[in-house]
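**Student:** curious how this folds, go ahead:
(2 chains)
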Amino acid sequence: MGGGAPVVAAAHIFYDRGHMRNLLIAALVASALPAWAADASRGATLYEERCTGCHSLDANRVGPKHRGVFGRKAGGVSDFRYSTGVGNSTVVWDETTLDRWLTNPQGFIAGARMGFRVGEAVDRGDLIAFLKRESGK
Amino acid sequence: MSNAFHPPLGTGINRRRFLNSGQAFLSAGVVAMLAGCAGNAAMPMSSGSAEGDVAILNVALGLEHEAIAAYQIGAESKLLDKPVLDVAVLFQGHHKEHRDALAATVRKLGGVPVEPRMMNDYAMALNAGAIRSQGDILVLAARLERGAANAYLGVIPSFRDAELAKIAGRLAADETMHWTALAGALKQNLPQKAFSFAA
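**Tutor:** The predicted model follows:
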C-alpha cells in the first residue's frame, strides 16, 4: 500500500509526542514528589530520635523550643539566648530555609552554634512537615 | 601522668598533638592537669572555623550539663533501687568526665565554656514533676541518652577538625552504651535493624 510509509511515520510522530508527554508528566510529578510525599508522622518519629537530645516542642533546653518555629523569624523565641549569628539573622523559617538549615546550620547562618546535620533530603522533608504541622501551619 | 600528656609547652600547646593523645578525652583529670601545665594559656581562635568547632563543643557541653542534672533529679527522687541508683551515679560520673573534658577543650581553643542552668530550669524543661516511679526515671534517662548519642553523631560532619569529629564519635559510643544498659533495664527490645541510630 502506497501510503504505508507516511502512515507509519505519522504513527511514530504521534507515538513520540505521546511518549514525550508521558515523560514530561513523569518529570513534573517527580519534581513535585518531595513536597507531596513529606510525611509528618514519620517526621514525628525522626524528631523523637534525632532532635530530642537538645530540643523539645514546648520547653527551651540546649536548643530553643520548636512549637511555632515554622513561620517564625530565626532567633524568635524571646526567652531563649541565641548566638549572635542567629539572633541577628533575618531568616524566616519555611520549607526552604529549614531545609538549608538542617543541611548545614553553620553554613547557612554564620555564627550559629548548632552543628547537627540531617543528611538525607527525605528525612529533612519529613522533619519539616512535622514542625510545620506542630506549628499549626 | 603519661609523657603523652606533656606536650611541648614552652611556646604553648600544640593543639593537634593535644587532641591526638589517645586518652585526652577520656580523663578529665588529665585534661585539667594539661590545662594547668599550659599555664591556662588558651589557644587563640584564629579563624571562623575554630569558632564553629567551639560553638559545637559548647552545645555538647550544654547537653552534658543537662544529663548530669537529669541523673541528679533521679538520684534525689528516692525512687531508685540501690542497684539502679549505683548505675545512675556511675553514668552521671561519665557525664561529669565528658563535661570537664569538653570545658577544658573549649578553654584550650580560646572559648568560654557554657555554664549549667539552674536545677529548677532543668526540672521544668524535663517535666520532672511528672515522674512517679523508677520506670519513669529510666525512660527519661534512656530518652536523653539516645538523644545525646544521635546528637553527637549528627555533628560529626560539621567539625572542621577531624580529631574533634573522632571525639564526638567516642562520646556517642559512651551515650549508646548508657542507652543500651537502660533499655535492657526497661526490658525494651533491641533494635531489629542495623543503623538504628542517626545516620
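**Student:** domain boundaries for chain A, per the record?
**Tutor:** The record's domain split for chain A, according to automatic domain parsing, is A:1-37, A:38-134.
**Student:** most neighbours per residue, which of those?
**Tutor:** domain A:38-134 (a mean of 18; mean count of other CB atoms under 10 Å in any protein chain shown). (C-beta placed from N, C-alpha, C; glycine too.)
**Student:** get me the contact residues on chain B for chain A.
**Tutor:** Neighbours of chain A within chain B, by CB under 8 Å from any CB of the partner chain: B:48, B:51-52, B:55-56, B:58-59, B:62-63, B:66, B:124-127, B:143-144, B:146-151, B:154-155, B:157-159, B:197-199.
**Student:** ChimeraX command to pick out the buried ones of the residues you listed?
**Tutor:** To isolate the buried ones among the residues of chain B next to chain A in ChimeraX, judged by 16 or more other CB atoms under 10 Å in any protein chain shown, type:
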select /B:51,52,55,56,58,59,62,63,66,125,126,143,144,146,147,148,149,150,151,154,155,158,159,197,198
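**Student:** out of the domains of chain A, the one nearest chain B is which?
**Tutor:** Comparison of those against chain B by CB to the nearest CB identifies domain A:38-134 as nearest, at 2.8 Å.
**Student:** so what would you say the end-to-end distance of the closest one is?
**Tutor:** 14 Å (CA to CA, to the nearest Å).
**Student:** anything in it near chain B?
**Tutor:** Yes - judged by CB under 8 Å from any CB, domain A:38-134 and chain B are in contact via A:49-54, A:56, A:59-63, A:83, A:104-106, A:110-120.
**Student:** show me these that map onto helices.
**Tutor:** A:Pro105, A:Gln106 (DSSP state H).
**Student:** count of neighbours near B:Gly135?
**Tutor:** 12 (other CB atoms under 10 Å in any protein chain shown).
**Student:** residue contacts, it?
**Tutor:** B:Leu186 (CB atoms under 8 Å, 6 or more residues apart in numbering or on different chains).
**Student:** again, 10 Å this time
**Tutor:** Each residue near B:Gly135 by CB atoms under 10 Å, 6 or more residues apart in numbering or on different chains is listed here: B:Leu79, B:Ala185, B:Leu186.
**Student:** just the residues you listed: which are in strands?
**Tutor:** Among the contacts of B:Gly135, no member is found in strands (DSSP state E).
**Student:** make a markdown table from these and add pLDDT and neighbour count to it.
**Tutor:** Output for the contacts of B:Gly135, formatted as a markdown table (pLDDT from 0 to 100; neighbours: other CB atoms under 10 Å in any protein chain shown):
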| residue | pLDDT | neighbour count |
| --- | --- | --- |
| B:Leu79 | 98 | 17 |
| B:Ala185 | 95 | 16 |
| B:Leu186 | 96 | 13 |
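**Student:** any idea of the pLDDT on residue 5?
**Tutor:** Let's take chain A. Note on A:Ala5: pLDDT of 52.
**Student:** other chain: chain B
**Tutor:** We have a pLDDT of 27 for B:Phe5.
**Student:** and if you look at B:Glu163?
**Tutor:** Taking B:Glu163 on its own, its pLDDT is 96.
**Student:** and it, how far is that from B:Leu102?
**Tutor:** 14 Å (CB to CB, to the nearest Å).
**Student:** spatially nearest residue to A:Val118, not counting backbone neighbours?
**Tutor:** A:Leu102 (4.4 Å; CB to CB, 6 or more residues apart in numbering or on different chains).
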